[in-house]
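S.K.: here is the input, now give the coordinates:
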Amino acid sequence: MDRRAFLAALGAAAFGGAAFGGARSLGASPRGDGAVALARSMEAADPHALVLGTVQDAGLPQVGCYSVRCDEGRRLHAEGVGRFVSSIALIEPESDRYYLVDATPDITRQIDLIDHPGFRRRAASRRPFDGIFLTHAHIGHYAGLAVLGNEGMGIRDTKVYCTTAMAAFLSANQPWAYMVEQGRIVPTPLDTDRWHRIDDHFEVQLWPVPHRDEFADTVAFVFRGPRASLLFLPDINDWHLWERSAVDAVASVDVALLDGSFWSLDELPGRSVDDVPHPLIRPSMDRFQTVADGGETRIVFTHLNNSNPALDMGGPEQREIERRGFAVAREGMRFTL
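M.R.: Numbering: from 1, shown residues only. Sure, this is the predicted structure:
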């Protein structure tokens, strides 16, 4: 199978019902489609990425928010199909290996999406993850570590892959330093801009990105498996501030999960977007339209703020995103690696 055909099959699976029972969540194609069956058979045995969360650090609903959208978020949680804070898992079914990418405040519920019996057995023995990858030191991306410590799961000797600055932050600040002292997490800094072999199936590269680096620095992760590559970039101040060519970077991978925090500058009454800088989805689509049109990279927006109308299933913003060949991430999506 060539790269284009593989990506077509992969996209059909990821957007054709892999999340929470299909069309209701994703508005996607019929389950009987041959490409869907092909991609699902590949993902069943192959290493893959599983989307565990898709919204901004404070979640949906967000604290103190009683908007229509946040109330809808409450309803979805009550039905068991809610949204969680942006995160993915890397899963190797045959070798029974599992990695977490960003440890969020929603970790207790969102790792329930990892439905492999092997993961449940490993969790019961307090060793669920072979490693944890952290993009940066904003609260939605590492606060979940807390419930893996002494008061919660009590994990042991789990490597936390991150930058040198992030490793220093964990080792020097409580309660993370206590977790290090107890041997629960092992900060494992990786150099940026070079490939690191994690195990027999996965390689990773860390790409520095410009973001609000109050406590440490920020990276995106590029994961490369036997079949495909995936970019996980949930936070960036703006594409034009990146030292890389954003278009070339996105075009270099098979799947790109990108910062989709905001749709409009009008979303934060009483606050300025300058306080929480992120690119807007429509200008991002303009920037990456040629990549999406090329059909070899699937571009999916994640880390959506509770104010973002692209969260509204079947709404005009989501329809525009889909019409232009992009997608909005949803919990339960799988991407074969």
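
S.K.: now residue 142: which helix or strand?
M.R.: Take DSSP states H and E as the rule and residue 142 turns out to sit in helix 139-142.

S.K.: show me the contact partners of that helix.
M.R.: For helix 139-142, the external contacting residues (C-beta atoms under 8 Å, 6 or more residues apart in numbering) are 56-59, 85-86, 102-105, 134-136, 170, 176, 234-235. The C-beta positions use only the backbone N, C-alpha and C, and glycine is treated the same way.

S.K.: among those residues, which lie within helices?
M.R.: When DSSP state H is applied, the contacts of helix 139-142 are split such that 170, 176 fall in helices.

S.K.: from residue 72, how far out is residue 78?
M.R.: Taking C-beta to C-beta, to the nearest Å as the measure, residue 78 falls 11 Å from residue 72.

S.K.: compare these two and say which is more crowded by neighbours.
M.R.: residue 72 (17 against 9; other C-beta atoms under 10 Å).

S.K.: identify the residues contacting residue 251.
M.R.: Contacts of residue 251 were listed using C-beta under 8 Å, 6+ apart, and they are 291, 294, 296-297.

S.K.: most neighbours among these, which one?
M.R.: residue 291 (23 neighbours).

S.K.: residue ranges with poor pLDDT in the stretch 51-200 of the chain?
M.R.: Nowhere does the stretch 51-200 of the chain drop to pLDDT under 70.

S.K.: now do the helices in the stretch 151-300 of the chain.
M.R.: In the stretch 151-300 of the chain, the helices defined using DSSP state H, counting those that start in this stretch lie at 164-172, 176-181, 246-251, 281-294.

S.K.: columns distance to residue 302 on top of those helices, output as JSON lines?
M.R.: Shown next, in JSON lines, are those (distance: least, C-beta to C-beta, whole Å):
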{"stretch": "helix 164-172", "distance to residue 302": "20"}
{"stretch": "helix 176-181", "distance to residue 302": "25"}
{"stretch": "helix 246-251", "distance to residue 302": "14"}
{"stretch": "helix 281-294", "distance to residue 302": "11"}
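
S.K.: now the two most distant members of the contacts of residue 251.
M.R.: By the measure C-beta to C-beta, 291 and 296 form the most distant pair in the contacts of residue 251, at 8.1 Å.

S.K.: ranges for the strands of the stretch 1-150 of the chain?
M.R.: Secondary structure of the stretch 1-150 of the chain by DSSP state E, counting those that start in this stretch: the strands cover 48-53, 87-92, 97-101, 131-133.

S.K.: reformat these as TSV; add distance to residue 163 and mean neighbour count.
M.R.: As requested, the strands of the stretch 1-150 of the chain are exported to TSV (distance: least, C-beta to C-beta, whole Å; neighbours: other C-beta atoms under 10 Å):
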stretch	distance to residue 163	mean neighbour count
strand 48-53	21	26
strand 87-92	18	26
strand 97-101	14	24
strand 131-133	11	24
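
S.K.: including distance to residue 213, could those strands go into CSV?
M.R.: Compiled in CSV, these are given as follows (distance: least, C-beta to C-beta, whole Å):
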stretch, distance to residue 213
strand 48-53, 22
strand 87-92, 20
strand 97-101, 19
strand 131-133, 17
